[in-house]
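Peer 1: could you look at this predicted model? Sequence included:
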Amino acid sequence: MTGKVPTRQEALDLLHQYNESESLRKHAYAVEAVMRYIARKRGEDEDKWGIIGLIHDLDYEKFPDLHCVKTGEILQEQGWPEEYIRAALSHGWGICCDVTPQTDLEKFLYAIDELTGLVVTTALIRPSKSILDVQVKSVKNKWKDKRFAAGVDRSIIEKGAAMLQIGLDELIDHTIKGMQEAAEAIGLKGIPG
Ligand SMILES: [Fe+2]
Ligand SMILES: [Fe+2]
């Protein structure tokens, strides 16, 4: 393996350097939190999973038409390990690149990226506007409602779950619990009272 393993702080600095948008930063924190939660549950390298989650959309704000391509270039310039770069790119498999998710890390990243968006919208329609009381069934109820979180491609999430050979309920459960750990950072702690 080549490249120096980045610290979380280095990854965060890079994220902030390339992403000024608050919503893109929050998406990065959400994906990081879910990847961390799943890695911990599975006894995997939590920092590695989290850091890759944090920077997976690194280029999206500045180079939306070259999404994934630019992330690869930037991380290469930064001297990141090939394993990290490949994993970050694989979330865009069939969308903006042809890097197939192969490892469990890559498959989870692919599966939960879109799902975080669905969970955010589910939290925001609650009176509390809080992720803390979102349940699996609240997300499942909106699965077939095409007008709800219309930008979220459910078929990608389903494809990801199939690759992992896990049920949608389990994937949704992990995603909610991971995001709950970052409730404050992703702005979904809810309205007071
Ligand atoms: Fe992306
Ligand atoms: Fe993303």
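Peer 2: That came in fine, so what should we check first? Ligands and ions are numbered 1, 2, ... in the order given.
Peer 1: how about the residues of the chain by ligand 2?
Peer 2: 57, 113 (Cβ under 5 Å from the ion). All C-beta spots, glycine's among them, are computed from the backbone N, C-alpha and C.
Peer 1: enumerate every residue touching the residue nearest in space to the middle of the chain.
Peer 2: Centre of the chain computed as the mean C-alpha position; nearest residue by Cα atoms, centre = their mean is residue 31, 2.7 Å away. When contacts are counted by Cβ atoms under 8 Å, 6 or more residues apart in numbering, residue 31 touches 53, 54, 56, 57, 109, 112, 113, 116.
Peer 1: measure it to residue 175 for me?
Peer 2: 9 Å (Cβ to Cβ, to the nearest Å).
Peer 1: burial count for residue 57?
Peer 2: Using other Cβ atoms under 10 Å, residue 57 has 24 other residues around it.
Peer 1: just checking, residue 38 touches residue 178?
Peer 2: Yes: the pair residue 38 / residue 178 is scored as a contact, 6.7 Å apart, by Cβ atoms under 8 Å.
Peer 1: what touches both of these two?
Peer 2: Any residue near both residue 38 and residue 178 by Cβ under 8 Å, 6+ apart counts here, and that gives residue 112.
Peer 1: returning to what we had before: what residues are shared contacts of residue 31 and residue 175?
Peer 2: 112, 116.
Peer 1: just to revisit the earlier point, neighbour-wise, give me the winner out of the contacts of residue 31.
Peer 2: Busiest of the contacts of residue 31 [other Cβ under 10 Å] is residue 53, holding 31 neighbours.
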